[in-house]
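K.L.:
Task: produce atomic coordinates for the following.
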Amino acid sequence: MSPNKSDKSDKSDKSDKSDKSDKSDKSDKSDKSHKSHKSHKSHKSHKSDKSDKSDKSDKSDKSHKSHKSHKSHKSHKSHKSDKSDKSDKSDKSDKSDKSDKSHKSHKSHKSHKSDKSDKSDKSDKSDKSDKSHKSHKSHKSHKSHKSHKSDKSDKSDKSHKSHKSHKSHKSNLDLYGYPDYIRLILSTRVYNIIQQTPLTSAPNISRQSGCHIMLKREEQLPTFSFKLRGAYNKMAYLRPKDSWKGVITCSTGNHAYGVAFSSRCLKIPAIIVMPLKTPEIIKKPISQMGAKIVLYGADYEEAEEEARRLAELHNIIFISAFDDPYVIAGHGTIGMEISRQTDLKKLKAIFCAVGGGGMIAGIGLYIKRLAPNVQIIGVESVDANAMAQSLRARKRVILEQVDTFSGSAAVKIVGEETFRICLDVVDSIEEVTVDETCAAIKDIYDDTRVLAEPAGALPLAGLQKWAARNPSLHEDSSLIAIVGGANMTFDCLPFITERVRASKEH
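P.N.:
Numbering: from 1, shown residues only. The predicted structure is shown next:
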């Protein structure tokens, strides 16, 4: 063989070896690159797992806070939901494990990732289990805290009930089903047509009694009587479907004026049933206000029976003179005004005339709620003392006969609702004679130059009698008498002056 050929052969071998070496180097580089790429993916996967764990941890914390803020039954539901989520994740993890096993021989690096994922899942489940356990403990603690509060609340309720039972001025007034009289008084509509009446001092009477005496001047209302308050308040609350037919009532005087005046203001037709012996001087102004007068019966009770019969026959509203929540609330505005006009801390007692009981019930309800220390004292004639006898018997008593000198205060039986209220708010009843009433009329005239009617002077007569039995009253002690009306006819004047003169001589 020639030397040239040998050299060529050597060169060719070297070239082949060099090529193979280059390929091998490239292959090594490619493997390394592939491994590096795998390592990079693995690193990313690891980061992603950590990020997932962090997200889950954040969500779990938020869920835990949300759980604390929710009520106990929601917390319980959340606990159940966590268990359900775990179960679903466990099933998915099992499927993932099976899939990883089936691909182990094909891709070993994926198997490695799956193992890491399994460990991560187990770790997550363990964390959730711990949090769930804490959540359950928190749920128990929350229940325990509520139970502790409930025990305290029960003790507080028992203490509150015990405190209420010791308040004598509250009994059946706050029972469920009865009118909310304080709300009715505060929302009254009487001030659409009237203004607050004055509370004036009576210096002459105060000197005689040795204490500060004031007169609530109800005779200054447009109808010269307090009865306008109750009548208007009742009629002002009537619905149009009831009022268009008109209203009917019975009265011996003052309530009739109130209904007639209110019917003219509200443009509601009115029928007034009055006893046969009603004087013309009382009937005339009622007719002039536009009301229709029906005369029936010998006294108030017979007139009332006829009025109720006509109300049922013609399906019209009967306006009671005293036994109606809106009428009582209307009269209760007198008590509301007194509370604004004087210092209730210095006030010892309020004296009210009592007929059916509407005025004293309304005043007593309001004053006793604000100042239980103020005595509410009713005043009746000894010959017309239906309320006094009823309170003593603890049930309504019907009188066989009454003296009509006290006018609208002379009734045979008190109202059912007014009697229920008076059992709670009236402290006592003063019974006065005709002579004592006549003397009170004169005393009111001396201080005010007003001729009060007998029913309007009853409270002052009772006040003077009560003050005479309580000489220990201080000069700063205040007493109030309600001058309920001044609708007196001149025919009564000779009788009154004669009785006053006779009582002085004796």
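K.L.:
Ramachandran coordinates for residue 349?
P.N.:
In terms of degrees, to the nearest 10, the main-chain angles of residue 349 are phi -160, psi 150.
K.L.:
repeat for residue 292
P.N.:
Here the main-chain torsion angles of residue 292 (degrees, to the nearest 10) amount to phi -90, psi 130.
K.L.:
What of residue 358?
P.N.:
Note on residue 358: its backbone torsions stand at phi -70, psi -50 [degrees, to the nearest 10].
K.L.:
hang on, it packs against residue 327?
P.N.:
Yes - judged on C-beta atoms under 8 Å, residue 358 makes contact with residue 327 at a distance of 5.5 Å. C-betas here are computed from N, CA, C, even on glycine.
K.L.:
shared neighbours, those two?
P.N.:
230, 321 (C-beta atoms under 8 Å, 6 or more residues apart in numbering).
K.L.:
For residue 301, grab the count of nearby residues.
P.N.:
16 (other C-beta atoms under 10 Å).
K.L.:
quick one: which helix or strand includes residue 249?
P.N.:
Counting by DSSP states H and E, the element that carries residue 249 is strand 247-250.
K.L.:
Next secondary structure after that strand?
P.N.:
In N-to-C order, the element after strand 247-250 by DSSP H and E is helix 254-266.
K.L.:
Quick check: what element follows that following helix along the chain?
P.N.:
Later in the chain than helix 254-266, the nearest helix or strand by DSSP H and E is strand 270-274.
K.L.:
who's in contact with that following strand?
P.N.:
Contact partners of strand 270-274, identified using C-beta under 8 Å, 6+ apart, comprise 246-252, 256, 259-260, 262-263, 282-283, 286, 290-296, 303-304, 306-307, 310, 316.
K.L.:
gap between the two ends of stretch 414-433?
P.N.:
20 Å (C-alpha to C-alpha, to the nearest Å).
K.L.:
buried residues in it?
P.N.:
Applying a neighbour-count criterion of 16 or more other C-beta atoms under 10 Å, one finds 414-415, 417-419, 421-422, 424-426, 429-432 buried in stretch 414-433.
K.L.:
CA atoms only: put stretch 231-245 into PDB for me.
P.N.:
This file holds the C-alpha atoms of stretch 231-245, laid out as PDB (Å, rounded to 0.1, in the frame of the first residue of the first chain):
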ATOM      1  CA  ALA A 231    -116.500  65.400  72.300                       C
ATOM      2  CA  TYR A 232    -114.300  67.100  69.700                       C
ATOM      3  CA  ASN A 233    -111.500  64.500  70.000                       C
ATOM      4  CA  LYS A 234    -113.900  61.600  69.500                       C
ATOM      5  CA  MET A 235    -115.600  63.200  66.500                       C
ATOM      6  CA  ALA A 236    -112.300  64.300  64.900                       C
ATOM      7  CA  TYR A 237    -111.100  60.700  64.700                       C
ATOM      8  CA  LEU A 238    -114.300  59.400  63.000                       C
ATOM      9  CA  ARG A 239    -113.700  57.900  59.600                       C
ATOM     10  CA  PRO A 240    -115.600  59.600  56.700                       C
ATOM     11  CA  LYS A 241    -117.600  56.400  56.000                       C
ATOM     12  CA  ASP A 242    -119.000  56.600  59.600                       C
ATOM     13  CA  SER A 243    -119.300  60.400  60.000                       C
ATOM     14  CA  TRP A 244    -121.300  61.200  56.900                       C
ATOM     15  CA  LYS A 245    -124.500  59.800  58.400                       C
END
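K.L.:
Give me the contacts around that stretch.
P.N.:
188-190, 192-194, 247, 249, 255, 258-259, 261-263, 265-266, 268-269, 314-317, 319-320, 324, 326-327, 329-330.
K.L.:
Put the buried members of these into a ChimeraX selection.
P.N.:
Selecting only the buried entries of those in ChimeraX, with 16+ other C-beta under 10 Å as the criterion:
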select :188,189,190,193,247,249,255,258,259,261,262,263,265,266,268,316,317,319,320,324,326,327,329,330
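K.L.:
just the strands in this structure please.
P.N.:
All strands of the chain, identified by DSSP state E, fall at 199-201, 212-217, 247-250, 270-274, 292-295, 317-318, 347-353, 375-381, 428-432, 478-483.
K.L.:
tilt between the last one and strand 212-217?
P.N.:
Orientation check (axes from the mean of the first three to the mean of the last three C-alpha atoms, to 10 degrees): strand 478-483 against strand 212-217 gives 30 degrees.
K.L.:
the inter-axis angle of strand 478-483 versus strand 375-381?
P.N.:
Here strand 478-483 runs at an angle of 40 degrees relative to strand 375-381 (the same axes, to 10 degrees).
K.L.:
Strand 478-483 packs against which elements?
P.N.:
Judged by 3 or more C-beta pairs under 8 Å, 6 or more residues apart in numbering; DSSP states H and E, the packing partners of strand 478-483 are strand 212-217, strand 347-353, helix 454-469.
K.L.:
Output the first one in PDB, but only the C-alpha positions, please.
P.N.:
Taking C-alpha atoms only, strand 212-217 is exported to PDB below (Å, rounded to 0.1, in the frame of the first residue of the first chain):
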ATOM      1  CA  HIS A 212    -101.100  77.700  97.600                       C
ATOM      2  CA  ILE A 213    -104.400  77.000  95.700                       C
ATOM      3  CA  MET A 214    -104.700  77.300  91.900                       C
ATOM      4  CA  LEU A 215    -107.700  77.100  89.700                       C
ATOM      5  CA  LYS A 216    -107.600  75.400  86.200                       C
ATOM      6  CA  ARG A 217    -109.900  77.600  84.200                       C
END
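K.L.:
count of neighbours near residue 461?
P.N.:
Neighbourhood size, residue 461 [other C-beta under 10 Å]: 29.
K.L.:
coming back round to it: JSON lines please, covering the strands of the chain and showing distance to residue 461 and mean pLDDT.
P.N.:
Listed next are these as JSON lines, based on distance: least, C-beta to C-beta, whole Å; pLDDT from 0 to 100:
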{"stretch": "strand 199-201", "distance to residue 461": "18", "mean pLDDT": "97"}
{"stretch": "strand 212-217", "distance to residue 461": "12", "mean pLDDT": "97"}
{"stretch": "strand 247-250", "distance to residue 461": "27", "mean pLDDT": "96"}
{"stretch": "strand 270-274", "distance to residue 461": "27", "mean pLDDT": "96"}
{"stretch": "strand 292-295", "distance to residue 461": "31", "mean pLDDT": "95"}
{"stretch": "strand 317-318", "distance to residue 461": "32", "mean pLDDT": "96"}
{"stretch": "strand 347-353", "distance to residue 461": "9", "mean pLDDT": "97"}
{"stretch": "strand 375-381", "distance to residue 461": "7", "mean pLDDT": "97"}
{"stretch": "strand 428-432", "distance to residue 461": "4", "mean pLDDT": "96"}
{"stretch": "strand 478-483", "distance to residue 461": "9", "mean pLDDT": "97"}
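K.L.:
For residue 503, find the nearest of those strands.
P.N.:
strand 428-432 (12.2 Å; C-beta to C-beta).
K.L.:
ok, so what distance separates residue 448 from residue 227?
P.N.:
Taking C-beta to C-beta, to the nearest Å as the measure, residue 448 falls 20 Å from residue 227.
K.L.:
Which residue comes closest to residue 403 once chain neighbours are left out?
P.N.:
Excluding the flanking residues, the one nearest residue 403 by C-beta to C-beta, 6 or more residues apart in numbering is residue 383, at 3.4 Å.
K.L.:
count of neighbours near that neighbour?
P.N.:
With neighbours defined by other C-beta under 10 Å, the count for residue 383 comes to 16.
K.L.:
Restricted to helices, list the buried residues of stretch 414-433.
P.N.:
Of those, the ones assigned to helices by DSSP state H are 417-419, 421-422, 424-425.
K.L.:
where along the stretch 151-300 of the chain do the helices fall?
P.N.:
181-186, 203-209, 227-236, 240-243, 254-266, 280-288, 300-314 (DSSP state H, counting those that start in this stretch).
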